[in-house]
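coords please:
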Amino acid sequence: MVAATLLLIALQIPGDVRPIAGTIVTPSGVPVAGATVIAHPAGHPEVETMSRSDGTFVLHAPVGASLLLVVSAQGFADSTVRLRGTDALPLEIRLSPRGITETITVSATTDLLRVTTPVSATVVDRESLASSAALTIDDQLRSIPGFSLFRRSSSRVANPTTQGVTLRGLAASGASRTAVFADGVSLNDPFGGWVYWDRIPAAAIDRIEVARGGSSDLHGSDALGGAIRISTSNSAGARLWLDGGSHGTARLSAYGGREFAEWTLLGALETSTSDGFIVVAPESRGSIDVPAFAEYTSGAASLSAPIAGIDLGIRGSYFTEDRGNGTPFQSNATIVRHVTGSARGAAWGGAWAFHASRTSQDYDQTFSAVSADRASERPTTVQHVDVASSGAGLEWIRGGDRYGALVSLTMRQVDADLFQGPVSGEMTLTPARQRTGAASIQGSLQPYDRLTVGLGVRTEAWQSERRDAGDDRTLWRVLPRASVAWKLTDEMSLRTAIHRAYRAPTINELYRPFRVGNVITNENDELGPEESLGLEGALFARRGPTAVRLAAFWTRLTDAIVNVTLESNPSLIVRQRQNAGRIRSAGVELEADVRPTRHFSFTASAAWIDSVFTGGAGLDGLRVPQVPEWQVSAGVQGTWTRASLSLDWQFIGEQFDDDRNEFPLDSSSMFNGRAAWRVRRTIELFAAVENMLDQEQDVGRTPIRTIGIPRTARVGLRWTH
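Coordinates of the predicted model:
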């Protein structure tokens, strides 16, 4: 009956346009009414429609034009479909449940504006990622206002323990204050909270969403500063990337998906190697300094099928990497094994989803003391960590024309065995365990056409203990959030939000000391959680091909975990992690996007962040380490039938590497460029250059100055089927 109705409508369409018909359903096949369907025909104005009560839709697009369909509905993740003239119709588009959020799309397609809503969330799509001059995900995200890592160094040469993500100036230590997910599964290291950015093969990534502002009500402890959600492809097809260039860099990344009857098999693989570069600044280098190299392999596979009205799936992944940290003895290595089982279905007028996961991980690290003339090193400590993490979650979501509701339950347990000791001495064992359990309720209501109200609350219990001592600590937190979005006119809207968030100390912070250069940072098993209260507001305006968004925020972080300096002399600096007091972070973010023609686009963003200590540990009035006051970026892109060109510029203002503000890191800037030629519809050849002007960038002071990536060029090939 549905097919007959679509055909009848199609027969009434004029000859210069073609009908695009389809049905929008949940993962279990339940029709989704009121979904918005927007078609972006290449070289033509966009066309919009909504799905009917039975989930069907029809819109009319110019004959011969390729299409990008974007489907959105309350309570479901957006779905993007690329449609060619030869694709079979009608379509069936399945929407997956997700948390309640609004987004901004960053697209490499010049027909789409980057800034489309007033909220502080940005979505970077697959084409934008693939066409970036930067090689790694963390480098690609540096153009997003407020995004930074604990140090400026790229993940391709940095120790992974420095890859803690922060948003909006909530830094002060290496721990990540942002939750990072891949297809709903946490990527934050269960032991230390940092992120292995290379765990997800680049060819498999469909989009990345960066939501700024505390969201512990939805994502729990790790989301003190916000959340980053990586979504991988779940459709049939194949992609292959091959690239390589400076510093012995080479990468192969591949993705493939195929459907067998009702079964869907997906797989991805990536392997990369790099000789790296010497990270110590030229004025301090000695014979002991060698390039910081890295090599890794990551793979993932999944199998899913609908059985008895329920979508079942299983996914497994494996990741291994080896890194040299700049001297012959200092190195680290990691192995991560992960498996997730999931089920999705329909119940009580909505959709439910369940997942359970298990992660096993090994981490090894070596440390040394380097002589003052950097001609020799003395091995000091070795560490080995075995980690086992288990988690499960259940959520139910229901959406309508004017409301959305989400109820979720989650739990996780992390067991870690930390072995550490002198190189030639006896190792000591610290067995630790952490448990969390949480319940969350989210709601979105649209009482009027121009007004949307969002409410959310989460209650979470956290428990931490040493398994050999039997002493445990347990705490409860209630984390509310509220937001109001008001559409002032058709071209202007306003949004405000207030939220509470928290972050519990990781096992790493409680029990593991570490050394970087001549800086030793000690553990502290008395650490408690840090908590924040945040306010934000954003104004969005759009006129023709131009869009601008201005956001302001204020956050107070209490009991902030800080690497506090206890002793400092030229040969040795001793620090300890402490709940050192309060941090106040306030700032303004600006994003602008201009698309004057279908061939050119111009984007710009800026963030001014004033992040300072306001109490505790004698740090009042000092700036929070690792937070630049200014971040600015700008880019231009040209896209034609066969060729594409892009150029971007990034600026990072002065910041400090320590709590006492004794070790400044100078401001720095970088130009990156990329050029590509499409040999065939499915094959693209490209060349990219990072840091085109070879500008030297301060990364850290340990207290020896370390520097970032020099000029780096690579060439490659992208194949898509």
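
just the C-alpha atoms of stretch 125-136, please, in PDB.
The C-alpha coordinates for stretch 125-136 follow below in PDB (Å, rounded to 0.1, in the frame of the first residue of the first chain):
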ATOM      1  CA  ASP A 125      31.100  15.400   8.600                       C
ATOM      2  CA  ARG A 126      33.000  12.700   6.700                       C
ATOM      3  CA  GLU A 127      33.900  14.800   3.700                       C
ATOM      4  CA  SER A 128      35.200  17.600   5.800                       C
ATOM      5  CA  LEU A 129      37.400  15.200   7.800                       C
ATOM      6  CA  ALA A 130      38.700  13.500   4.600                       C
ATOM      7  CA  SER A 131      39.500  16.800   2.900                       C
ATOM      8  CA  SER A 132      41.400  18.300   5.900                       C
ATOM      9  CA  ALA A 133      45.100  18.900   5.500                       C
ATOM     10  CA  ALA A 134      45.700  17.600   9.100                       C
ATOM     11  CA  LEU A 135      46.400  13.900   9.400                       C
ATOM     12  CA  THR A 136      45.000  13.000  12.900                       C
END
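
for Gly214, which non-adjacent residue is spatially closest?
Ala501 (3.1 Å; C-beta to C-beta, 6 or more residues apart in numbering). All C-beta atoms are positioned from the backbone trio N, CA, C, and that covers glycine.

my error: substitute Arg412 in the last question.
Closest to Arg412 by C-beta to C-beta, 6+ apart is Gly391, at 3.9 Å.

which residues touch the residue nearest to the spatial centre of the chain?
Computing the C-alpha centroid of the chain and ranking residues by C-alpha atoms, centre = their mean puts Ile228 first, at 3.4 Å. In this structure, Ile228 makes contact with Leu141, Val165, Thr178, Ala179, Val180, Phe181, Ile208, Glu209, Val210, Ala211, judged by C-beta atoms under 8 Å, 6 or more residues apart in numbering.

what do you get for Ser304?
Contacts of Ser304 (C-beta under 8 Å, 6+ apart): Trp263, Thr264, Asp311, Leu312, Gly313, Ile314, Ser342.

highest neighbour count among these?
When neighbours are counted by other C-beta atoms under 10 Å, Asp311 leads those with 23 neighbours.

ok so that one is a strand residue?
Yes - counting by DSSP: H, G, I helix; E, B strand; the rest coil, Asp311 is part of a strand.

hang on, it packs against Arg344?
Yes - in this structure, Asp311 is within contact of Arg344 by C-beta atoms under 8 Å, at 4.3 Å.

name the residues of stretch 580-593 that are buried.
Within stretch 580-593, the residues scored as buried using 16 or more other C-beta atoms under 10 Å are 580-587, 589-593.

element containing Glu567?
strand 561-569 (DSSP states H and E).

where does the stretch 351-500 of the chain have low pLDDT?
Counting by pLDDT under 70, the stretch 351-500 of the chain contains low-confidence ranges at 401.

helices of that one, start to end?
Read by DSSP state H, counting those that start in this stretch, the stretch 351-500 of the chain holds no helices at all.

so what are the domain limits for this protein?
Using automatic domain parsing, the domains assigned to the chain come out as 2-96, 121-720.

for Met427, list the residues it contacts.
By C-beta under 8 Å, 6+ apart, the contact set of Met427 is Val382, His384, Phe419, Gln420, Gly421.

could you export those as a markdown table, including neighbour count?
Listed next are these as a markdown table, based on neighbours: other C-beta atoms under 10 Å:
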| residue | neighbour count |
| --- | --- |
| Val382 | 18 |
| His384 | 16 |
| Phe419 | 15 |
| Gln420 | 20 |
| Gly421 | 14 |
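
tell me the one of those nearest Ser284?
Proximity of the contacts of Met427 to Ser284 (C-beta to C-beta) peaks at Val382, which lies at 25.6 Å.

hey, where'd the helices end up in the stretch 501-650 of the chain?
In the stretch 501-650 of the chain, the helices defined using DSSP H, counting those that start in this stretch lie at 507-511.

wait, Thr428 sits on Phe419?
Yes - contact criterion C-beta under 8 Å: Thr428 and Phe419 qualify, at 7.2 Å.

which residues do those two both contact?
Here Thr428 and Phe419 share no contacting residue, scored by C-beta under 8 Å, 6+ apart.

circling back to that earlier point, residues near the residue nearest to Gly214, how many?
For Ala501, using other C-beta under 10 Å, the count is 30.

what does Leu645 give?
Residues near Leu645, counting by other C-beta under 10 Å: 15.

cool, Leu269 as well?
Neighbour number of Leu269 under other C-beta under 10 Å is 18.

list the helices and strands the one helix or strand it maps to packs on?
Leu269 belongs to strand 263-277 when assigned by DSSP H and E. Counting contacts by 3 or more C-beta pairs under 8 Å, 6 or more residues apart in numbering; DSSP states H and E, strand 263-277 is packed against strand 249-260, strand 292-307.

ok, now with 10 Å
Strand 263-277 sits against strand 237-245, strand 249-260, strand 292-307, strand 310-324, with contacts defined as 3 or more C-beta pairs under 10 Å, 6 or more residues apart in numbering; DSSP states H and E.

want to throw those into JSON lines with mean pLDDT?
Shown next, in JSON lines, are the helices and strands packed on strand 263-277 (pLDDT from 0 to 100):
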{"stretch": "strand 237-245", "mean pLDDT": "94"}
{"stretch": "strand 249-260", "mean pLDDT": "94"}
{"stretch": "strand 292-307", "mean pLDDT": "94"}
{"stretch": "strand 310-324", "mean pLDDT": "95"}
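
want to throw those into a markdown table with distance to Ser153?
Supplementary listing: those in a markdown table, determined by distance: least, C-beta to C-beta, whole Å:
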| stretch | distance to Ser153 |
| --- | --- |
| strand 237-245 | 19 |
| strand 249-260 | 16 |
| strand 292-307 | 9 |
| strand 310-324 | 12 |
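
tell me which of the ones you listed lies nearest to Pro570.
Pro570 lies closest to strand 292-307 among the helices and strands packed on strand 263-277, at 24.0 Å (C-beta to C-beta).

buried ones in the closest one, by neighbour count?
So, applying 16+ other C-beta under 10 Å, buried residues of strand 292-307: Ala292, Phe293, Ala294, Glu295, Tyr296, Thr297, Ser298, Gly299, Ala300, Ser302, Ser304, Pro306.

nearest to Thr720, of those residues?
Closest to Thr720, out of all of the buried residues of strand 292-307 and judged by C-beta to C-beta, is Ala300, at 18.8 Å.

show me which of the contacts of Ser304 is closest to Val689.
Among the contacts of Ser304, and counting by C-beta to C-beta, the member closest to Val689 is Thr264, at 38.4 Å.

next up, the contacts around the closest one.
By C-beta atoms under 10 Å, 6 or more residues apart in numbering, the residues touching Thr264 are Asn234, Ser235, Ala236, Gly257, Arg258, Ser302, Leu303, Ser304, Ala305, Pro306, Asp311, Gly313.
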